[in-house]
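In: Mind looking at a prediction? Sequence and model below.
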Amino acid sequence: MKKYYTCSIFDEEPEIEEFIKEGPPKGNIWIIPLGGMGEIGKNMMALESHDEIVIIDSGITFPDDDMPGIDYVMPDIRYLLLKQDKISKIVLTHGHEDHIGAIPYLVRMINAPIYGSKLTLELVKVKLANTVLEEPAELIEVNAGDKLQSPDFTIEFYSVTHSLSECFGLIIDTPQGRIIHSGDFKARPADEVQDSSSYNVFSEKPVKLLMSDSTNAERIGFSTPEAKVNESLDKIFAECPGRIIISSFASSLPRIKGIMALAMKHKRKICILGKGLETTISIAKELDYITVPHNMFVKMEDIDEVPADKLLIIATGAQGEPLSAISSIANDSHKWVKAGHGDTVIISATPIPGNEAAVYKNINSLFRLGANVIYENPMMREQNLYVHASGHGNREDLKALILMTNPEYVMPIHGEHRHQMSYMRIAKELGYDDKHILCCDNGAVIELSQDGVEVLSYIKLCEILVDGYGIGDIGRAVLRERLNLAESGICFITGIVNMKRREFVQGPFFSTKGLVYEKESEEIMNDAVNTASDIFFNNSIQTLDDLNNGIKSEIRSFFSKRTQRKPIVISMIMEDLEEHDKHSKKRYKRHK
């Protein structure tokens, strides 16, 4: 069981103005995004009235390159902790990590019922299974069309199309008008929209504010339908003479379901590689989303018994994760799967920003092993082949939702700042002026009142880093040390000195890691020893602390001049205890 520990940062109040602590006036509504604005991931939003707070989503994001050793980054929830007595519920739009990944950390500090679809809650249960909680989390299943009632908020769930099953958008009625929260979405095929009662509810009341997914606001046209991906994969499967290895997002159930249907059509056995994928498929089987016969599956240790042209391997690692199955196969280090001539590897995903280098490194390695690698690129589009379709709507999808809801105000969410700017241009094309487009960052306090919608102020938020079982105990100072270790290495200096005679009795001894290769740097290391030994010529060195601090400064400066590197230097020089005791005894006798 995972017992996470938190640090004192959660005991500190965020930097906010006094009126924000008091909350909105009676009848007004505040919207406070705590994550997902100006960034991809860690989506979280608070809806606040005078008496109540509703949390929408609780996601994580993955660390940047300047965050070595960090597992995840979660939203800053200190504002919620400040007002946790007002929190009535947590509402989840769907089960992707950027919307539910922080739930295990959130529920340890905030006790409120969690509402979501059946699949979403099953994915949450998996995340909570190994987390130590004082009280079990209250999970309440909802379906499209269900409503949650409270004095200030009526929240209705409506179904949206995304890359995961059972995803919701939210229709939120408040004393200041209707708010639409789109969730992550893409436009449905025309025949589905015409038959969908979910979208008809938009016409019931005027919409004051539309908060819309903006992830793909830079992409022209409509998003690619999943059916096109299935058609393309069907064609590829039919033409592959050997083994097929395909990698997609572990959570993309519609894609996984379609791939398994193609395996059955082309009479290929299925092997699953990757714990996350196994977990998702296991849940999908329990909920009857996937109904593939048990005899269609083969264990990885038995794949050599299956003819190559009768085998399909579905593997994790579409984003180049270093410990994933696809990365192991690309590195030729996987225990059971060795890629080579005759194999076709399909990367059924596009790289998330920041993952491009890792993804293309794997593709290059697979090509070098002799495999035929198929992935999203311009040549594929020229052949009208699609091995991936985004779960987020393109420009025309986003326009369609604006036209369908006809809101008074629009606000792009779930995107980097460039995506928000692109969404702003879309809104302006449809006649919206700057006053009616809100382009905000995390921490904005957005008020809905009789006067309209405006940003009142900002809450200063910080990064909450998750490292192992620690939540928020790592800050920028520690990250700088880790980066320094990675870039310049570390130098340990030990020895024993006689402070009275001002000389080393033993040492100084040097040990370095990541700085120089000591066996081939004898001259540098000898000079470093001499530099440390000469420290006694400095008359300001009077105590052992002076000595250790002086050595750290001198040795850091020495390596900077000789190697252009600035390592972390740790000096652990100790005093000769026998000499120290003799002097102490003499002083004691004189005192007597």
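Out: Structure received.

In: I'd say R418 and E218 touch.
Out: Yes: applying Cβ atoms under 8 Å, one finds R418 in contact with E218, separated by 7.0 Å. Any C-beta I mention is one placed from the backbone N, CA and C, and that applies to glycine too.

In: dump the residue contacts of F509.
Out: When contacts are counted by Cβ atoms under 8 Å, 6 or more residues apart in numbering, F509 touches I493, T494, G495.

In: That one in helix, strand or coil?
Out: strand (DSSP: H, G, I helix; E, B strand; the rest coil).

In: what bridges to it?
Out: For F509, the beta-bridge partners under DSSP bridges are T494.

In: Am I right that V73 sits in a strand?
Out: Yes: applying three-state DSSP, one finds V73 inside a strand.

In: And for it, nearest residue in space, chain neighbours not counted?
Out: Among residues not flanking V73 along the chain, T61 sits closest, at 5.0 Å (Cβ to Cβ, 6 or more residues apart in numbering).

In: okay, now the one you found: neighbour count?
Out: 21 (other Cβ atoms under 10 Å).

In: Look at it and report its pLDDT.
Out: Looking at T61, its pLDDT reads 87.

In: ok, back up a step: out of the contacts of F509, who's the most crowded?
Out: I493 (22 neighbours).

In: wait, doesn't that residue sit right on I551?
Out: Yes: using Cβ under 8 Å, I493 is in contact with I551, at 5.9 Å.

In: so what's in contact with these two at the same time?
Out: P508, A532, V569, S571, I573.

In: To which secondary structure element is the fourth one assigned?
Out: Secondary structure here is read from DSSP states H and E; on that basis S571 sits in strand 568-575.

In: Then the second one?
Out: With elements taken from DSSP H and E, the one containing A532 is helix 522-533.

In: Mind exporting the C-alpha coordinates of that helix to PDB?
Out: C-alpha atoms of helix 522-533 as PDB (Å, rounded to 0.1, in the frame of the first residue of the first chain):
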ATOM      1  CA  GLU A 522      45.900  12.100 -12.300                       C
ATOM      2  CA  GLU A 523      47.400  15.600 -12.800                       C
ATOM      3  CA  ILE A 524      44.100  17.400 -12.100                       C
ATOM      4  CA  MET A 525      43.500  15.300  -9.000                       C
ATOM      5  CA  ASN A 526      47.000  15.800  -7.600                       C
ATOM      6  CA  ASP A 527      46.600  19.600  -8.100                       C
ATOM      7  CA  ALA A 528      43.200  19.400  -6.400                       C
ATOM      8  CA  VAL A 529      44.900  17.700  -3.400                       C
ATOM      9  CA  ASN A 530      47.600  20.300  -3.200                       C
ATOM     10  CA  THR A 531      44.900  23.100  -3.400                       C
ATOM     11  CA  ALA A 532      43.100  21.600  -0.400                       C
ATOM     12  CA  SER A 533      46.300  21.100   1.500                       C
END
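
In: got the angle for that helix vs strand 568-575?
Out: For helix 522-533 against strand 568-575, the angle by axes from the mean of the first three to the mean of the last three Cα atoms, to 10 degrees is 50 degrees.

In: Quick one: mean pLDDT over stretch 184-203.
Out: Mean predicted confidence for stretch 184-203 is 60.

In: from the shared contacts of I493 and I551, which is closest to M411?
Out: Nearest to M411, judged by Cβ to Cβ, of these is V569 at 50.3 Å.

In: Surely the closest one and K552 touch.
Out: Yes: judged on Cβ under 8 Å, V569 makes contact with K552 at a distance of 4.6 Å.

In: what's the burial count for G145?
Out: 12.

In: measure it to I171 for me?
Out: From G145 across to I171, the span is 10 Å (Cβ to Cβ, to the nearest Å).

In: ok, K235 touching Q383?
Out: No: the pair K235 / Q383 is not scored as a contact, 9.6 Å apart, by Cβ under 8 Å.

In: quick one on the thing from earlier: so which elements touch the strand holding S571?
Out: The criterion is 3 or more Cβ pairs under 8 Å, 6 or more residues apart in numbering; DSSP states H and E, and the helices and strands that strand 568-575 contacts are helix 476-488, strand 490-498, helix 544-563.

In: Show me how far that strand is from its chain's centre.
Out: Remark: strand 568-575 is offset 39 Å from the chain centroid, using Cα atoms, centre = their mean, to the nearest Å.

In: Repeat that for stretch 468-482.
Out: 16 Å.

In: Convert the C-alpha atoms of that stretch to PDB, please.
Out: Extracted in PDB, the C-alpha atoms of stretch 468-482 (Å, rounded to 0.1, in the frame of the first residue of the first chain):
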ATOM      1  CA  GLY A 468       8.000   8.800  -4.900                       C
ATOM      2  CA  TYR A 469       5.800   8.900  -1.800                       C
ATOM      3  CA  GLY A 470       6.500  12.600  -1.200                       C
ATOM      4  CA  ILE A 471       4.000  15.300  -2.200                       C
ATOM      5  CA  GLY A 472       5.200  18.900  -2.400                       C
ATOM      6  CA  ASP A 473       8.400  18.300  -0.400                       C
ATOM      7  CA  ILE A 474      10.600  18.900  -3.500                       C
ATOM      8  CA  GLY A 475      11.000  22.500  -4.600                       C
ATOM      9  CA  ARG A 476      13.100  24.400  -7.100                       C
ATOM     10  CA  ALA A 477      16.100  24.500  -4.900                       C
ATOM     11  CA  VAL A 478      16.400  20.700  -4.800                       C
ATOM     12  CA  LEU A 479      15.700  20.600  -8.600                       C
ATOM     13  CA  ARG A 480      18.600  23.000  -9.100                       C
ATOM     14  CA  GLU A 481      20.900  20.700  -7.100                       C
ATOM     15  CA  ARG A 482      19.800  17.700  -9.100                       C
END
